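Visitor: Need the 3D shape of this:
(one chain, ligands or ions: 1)
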Amino acid sequence: MRTGKQYLKSLNDGRTVILDGEVVGHVLEHPAFANVARTMAELFDIAADPANGMQFHSEEINGPANRTFAAPRTQEELVLRRQAIEKWAKHTHGWVGRSPDHVGTFFAAFGSHPDVFKNEERDFAGNVERYYRKVLSENLYLSYAIIPPQVSRATTASGWEGEYLQVGVVRETEEGIIVRGSQMLATGAAIADEVFVTCIKPLGPDDVDFAVSFAIPVATDGLKLYCRRPFAPAATSEFDYPLTSHYDEPDALVVFDDVLIPWDRVFINRNIDTLRRQFFDTGAHALGNWQAQIRFSTKLKFIASVARKVTQVNGTDKIPGVQEKLGELAAIVQSVESAVLAAEYTATTDDAGMRLPGKSALYGAMGLQSETYPRVISILRDLVGGGVLQLPSSIADMTSSVTRPDMERYVQSPGVASEERVKLFKLAWDIIGSEFAGRHQQYEMFYAGAPFVVRGAYTYRNYGYDALVAELDTFLGSYSVDSTVNGAGTGMEGA
Ligand SMILES: Cc1cc2nc3c(=O)[nH]c(=O)nc-3n(C[C@H](O)[C@H](O)[C@H](O)COP(=O)(O)OP(=O)(O)OC[C@H]3O[C@@H](n4cnc5c(N)ncnc54)[C@H](O)[C@@H]3O)c2cc1C
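Guide: Now for the predicted structure:
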């Protein structure tokens with residue numbers, strides 16, 4: 001299996017990554033990307049070491065592959081898959097949202113349901129199968145951009161002024177389709193191998209040009225990545241910004257300047273019905289978002305551990321009011337892990353033989369996430385008080401012989417030396433207050449769609465209200481005006 005070293009080597013490929021009006025040369029030589037790319041390399045090394053139990057024998061490629069890219073067929077495989085995802089999530093403490101297991105999971109589901117992509121003119125179903133085999137055999141890191149740019153949400157792209165603002169097909173050639181336009185928001189693309197592009201938002205009949213699905217290498221002619229302001233370069237040290245310095249995944253607006261997508265990389269071409277079905281009739285949406293919940297649960301446990309330690313250091317942990325706050329935190333964190341396990345417990349097997357996590361539990365947790373995460377951050381913010389600002393400006397105050405004595409005298413706690421205390425509270429600030437922290441709040445609230453979409457389209461539809469209402473109707477049918485008038489069920493029978 002591909003190692004971290006091999007992955008890093010492959011990044012010097014002439015990709016067009018843009019920051020501050022300029023094309024970044026080799027991403028590994030830029031402080032915005034170097035450390036987070038090394039984090040990804042560590043993940044690949046963990047997967048490549050058989051001792052970590054992250055490999056499985058793939059029938060599709062008849063060889064070893066990354067367990068997080070497996071399409072589970074049995075309950076045991078579903079459990080092993082969750083454990084492999086946890087292994088990676090624990091390495092980053094859940095602070096890397098789009099590690100390669102996220103989009104890789106979608107292709108596990110696509111590859112198990114090629115029929116959904118079947119097309120009379122072209123072998124798109126075969127393309128999906130072959131591409132999944134490529135993901136497995138090359139241990140690929142995919143990012144994705146599946147949301148139209150935020151031009152206007154009042155209409156879909158066909159209603160916008162200006163053509164091809166959203167990525168769409170301009171024309172077809174013998175070699176493939178030519179696409180033009182943009183899509184948001186490809187997390188990790190600047191350091192990924194490939195980018196998967198499609199549209200998950202519903203399209204109207206006039207949007208057929210935008211109904212595409214394809215994957216291409218990041219280093220493709222005409223493909224540009226406009227990255228948001230990176231936070232890692234401003235991180236003065238690992239000690240000052242322990243999370244920012246390692247886990248600042250770049251987010252990018254993806255722009256296509258008449259890019260040729262070869263036919264063998266096209267999965268959907270101008271087909272609104274298949275576009276809708278690709279995520280939901282393949283199980284990809286559920287399997288992919290379960291990966292996200294496993295990662296989220298790992299992150300929440302990490303934040304809870306910081307909160308608990310802060311109260312120990314500050315000597316507030318014996319106060320009943322503080323224990324109540326830690327209790328609320330524990331309840332929230334446990335409810336997310338419980339949903340992950342409940343989804344596993346209620347898993348079902350679909351028509352293609354793929355084992356899918358239970359949707360009611362999965363989408364239930366997702367429906368609350370836009371409140372869960374801010375609440376968790378708010379509890380930690382409450383518990384740390386001003387301690388996160390009563391901190392030296394940087395590691396320099398800790399190392400300078402002039403300032404260190406004051407740090408050791410004034411910034412410490414009983415039994416907790418200055419360095420230990422500063423370290424903990426700097427970590428807390430990187431969780432609640434740094435730019436990295438702010439981006440994470442936005443990420444957890446929006447990565448699976450705006451909250452109104454998650455609740456209205458996923459949680460509501462998958463809850464199983466019909467079965468509940470059927471039970472309610474049985475109960476309502478068990479009594480009537482007549483039975484009440486006759487005294488039945490009132491306790492007055494025979495009176
Ligand atoms: C940090 C981060 C990383 C991301 N990474 C990725 C990625 O890797 N790949 C990817 O494809 N996408 C990614 N996304 C994009 C994400 O999928 C979108 O942000 C998400 O789908 C929501 O779309 P939007 O931001 O355009 O919000 P909009 O749809 O514009 O909604 C914004 C807000 O407007 C209001 N609103 C709009 N329409 C309605 C309505 N009909 N009813 C009620 N309220 C409404 C709501 O308050 C809503 O929250 C990322 C986003 C963030 C923040």
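Visitor: Off-centre distance for stretch 309-321?
Guide: How far stretch 309-321 lies from its chain's middle: 32 Å, per Cα atoms, centre = their mean, to the nearest Å.
Visitor: For it, buried residues please.
Guide: Residues of stretch 309-321 classed as buried under the neighbour-count rule (16 or more other Cβ atoms under 10 Å) are 309-311, 313-314, 316-317. Every C-beta, even on glycine, is put in place using the N, C-alpha and C of the backbone.
Visitor: Take those residues and lay them out in a markdown table including distance to Met40, secondary structure and pLDDT.
Guide: Output for the buried residues of stretch 309-321, formatted as a markdown table (distance: Cβ to Cβ, whole Å; DSSP: H, G, I helix; E, B strand; the rest coil; pLDDT from 0 to 100):
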| residue | distance to Met40 | secondary structure | pLDDT |
| --- | --- | --- | --- |
| Lys309 | 28 | helix | 98 |
| Val310 | 30 | helix | 98 |
| Thr311 | 34 | helix | 98 |
| Val313 | 32 | helix | 98 |
| Asn314 | 35 | helix | 97 |
| Thr316 | 38 | coil | 98 |
| Asp317 | 36 | coil | 97 |
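Visitor: Look up phi and psi at Gly53.
Guide: For Gly53, the backbone dihedrals (degrees, to the nearest 10) come out as phi 70, psi 20.
Visitor: what's the answer for Glu29, then?
Guide: The phi/psi pair for Glu29 (degrees, to the nearest 10) is phi -100, psi 10.
Visitor: That one and Ala365: what is the separation?
Guide: As judged by Cβ to Cβ, to the nearest Å, Glu29 and Ala365 stand 40 Å apart.
Visitor: Tell me which of the two has more neighbours.
Guide: Between Glu29 and Ala365, counting by other Cβ atoms under 10 Å, Ala365 is the more crowded of the two (24 against 11).
Visitor: Which residues belonging to the helix or strand harbouring Ser360 are considered buried?
Guide: Take DSSP states H and E as the rule and Ser360 turns out to sit in helix 359-384. Going by neighbour count (16+ other Cβ under 10 Å), the buried part of helix 359-384 is 359-370, 372-373, 376-377, 379-381, 383-384.
Visitor: what does stretch 125-137 give?
Guide: Residues of stretch 125-137 classed as buried: 125, 127-129, 131-137 (neighbour count, 16+ other Cβ under 10 Å).
Visitor: from these, which ones fall inside helices?
Guide: The helices, defined by DSSP state H, take in 125, 127-129, 131-137 from these.
Visitor: Then Val179 would be within a strand, right?
Guide: Yes: counting by DSSP: H, G, I helix; E, B strand; the rest coil, Val179 is found in a strand.
Visitor: ok, and the closest non-adjacent residue to it?
Guide: Once flanking residues are discounted, Val179 sits nearest to Phe256: 4.9 Å by Cβ to Cβ, 6 or more residues apart in numbering.
Visitor: what's the burial count for the one you found?
Guide: Look at Phe256: counted by other Cβ under 10 Å, it has 24 neighbours.
Visitor: what about it, distance to Arg270?
Guide: Distance, Phe256 to Arg270, using Cβ to Cβ: 16 Å.
Visitor: Name the residues of the stretch 301-450 of the chain found near the ligand, please.
Guide: Within the stretch 301-450 of the chain, the positions lying close to the ligand (Cβ under 6 Å from any ligand atom) are 439, 442-443, 446-447, 449-450.
Visitor: Check these for burial and list the buried ones.
Guide: Here, 16+ other Cβ under 10 Å leaves 439, 443, 446-447, 449 buried among those.
Visitor: now, which of those lie within helices?
Guide: Counting by DSSP H, those place 439, 443, 446 in helices.
Visitor: List, one by one, the residues from the stretch 101-250 of the chain near the ligand.
Guide: Within the stretch 101-250 of the chain, the positions near the ligand by Cβ under 6 Å from any ligand atom are 144-147, 150, 153, 184-187.
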